[in-house]
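S.K.: Compute the structure for the input listed below.
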Amino acid sequence: MNEELEGEDSSLESTASLLVRVRAGEAPAREELAGRYLAMLGRWAHGRLPRAARDLVSTEDLVQSTVVRALNNVHTFQPRGEGAFLAYLRQILLNQIRDEAKRARRRPEHVELEAAHHAADPRSPLDATIGRERVERYEAALAELNEGQRQAVILRLEMGMRYRDIAESLHLPTANAARSLVGRGLVNLAHLMKEHHEHL
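M.R.: Model prediction:
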């Protein structure tokens, strides 16, 4: 599980109130919000950038760019809880990873002869483990979930948050309510992924 989140102090200022302060131009609030999500996004993004793209840009650069981009466009974001902002950041980062992967595929390969034997698999570890097609089905199905279920699934499955932290982030009354929401989201996700597979 996520150690930072395990030890998170519930008295921390909420993301929504920090966003209000960022909109008002408060630099300390901007720095605090960035610091809160940089490490978490870095862990989520680790290994998702295809190796072929890593000599063009680093994962750390993409994560920083994501946070800067989100904070620069904070006036267009409507806060609906911690989970909503994290899902927003994740989507920006995912789009950037996809863009870099496409850019890398368009670039001619430069492979040393001795390295040719160990040529990098252009897929991310997630793609390599469950297959690119399944990852695409997962993302398509995730987009079809209602917002609450989508946020809950992302926070639990991708960010490794505990149910009580998910409950707090999504303004649910109890950890069990969060567990139930995640469960419904996963059932619906599996059903939607199956539908996408059958329509291929």
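S.K.: Show me what counts as buried in stretch 180-188.
M.R.: Residues of stretch 180-188 classed as buried: 181, 182, 184, 185, 186, 188 (neighbour count, 16 or more other Cβ atoms under 10 Å). In this view, the C-beta of every residue, glycine as well, is placed from N, C-alpha and C.
S.K.: same thing with stretch 139-149?
M.R.: For stretch 139-149, the neighbour count (16+ other Cβ under 10 Å) marks 141, 142, 145, 148, 149 as buried.
S.K.: does residue 29 really touch residue 18, like I thought?
M.R.: Yes: Residue 29 lies in contact with residue 18 (Cβ atoms under 8 Å); the separation is 5.0 Å.
S.K.: If you count surrounding residues, which of these two has more?
M.R.: Neighbours were counted for residue 29 and for residue 18 using other Cβ atoms under 10 Å; residue 18 has more, 22 against 19.
S.K.: mind listing what the residue sitting nearest the centre point of the chain touches?
M.R.: With distances taken as Cα atoms, centre = their mean, residue 90 lies nearest the centre of the chain, 3.0 Å away. Residues near residue 90 by Cβ atoms under 8 Å, 6 or more residues apart in numbering: 41, 44, 154, 158.
S.K.: Check the buried residues of stretch 139-149 and tell me the two furthest apart.
M.R.: Using Cβ to Cβ, the buried residues of stretch 139-149 span at most 15.4 Å, a distance reached by 141 and 148.
S.K.: Can you pull the domain assignment for this protein?
M.R.: 14-107, 126-200 (automatic domain parsing).
S.K.: if we can go back for a sec, which pair in the contacts of residue 90 spans the largest distance?
M.R.: Farthest pair in the contacts of residue 90, by Cβ to Cβ: 41 and 154, 11.8 Å.
S.K.: so where does the spatially closest residue to residue 156 that is not a sequence neighbour fall, helix or strand?
M.R.: Distances taken as Cβ to Cβ, 6 or more residues apart in numbering put residue 182 closest to residue 156, at 4.7 Å, once the chain neighbours are dropped. In the assignment (DSSP states H and E), residue 182 maps to helix 175-198.
S.K.: For that helix, enumerate the helices and strands it packs against.
M.R.: Counting contacts by 3 or more Cβ pairs under 8 Å, 6 or more residues apart in numbering; DSSP states H and E, helix 175-198 is packed against helix 132-144, helix 147-153, helix 163-169.
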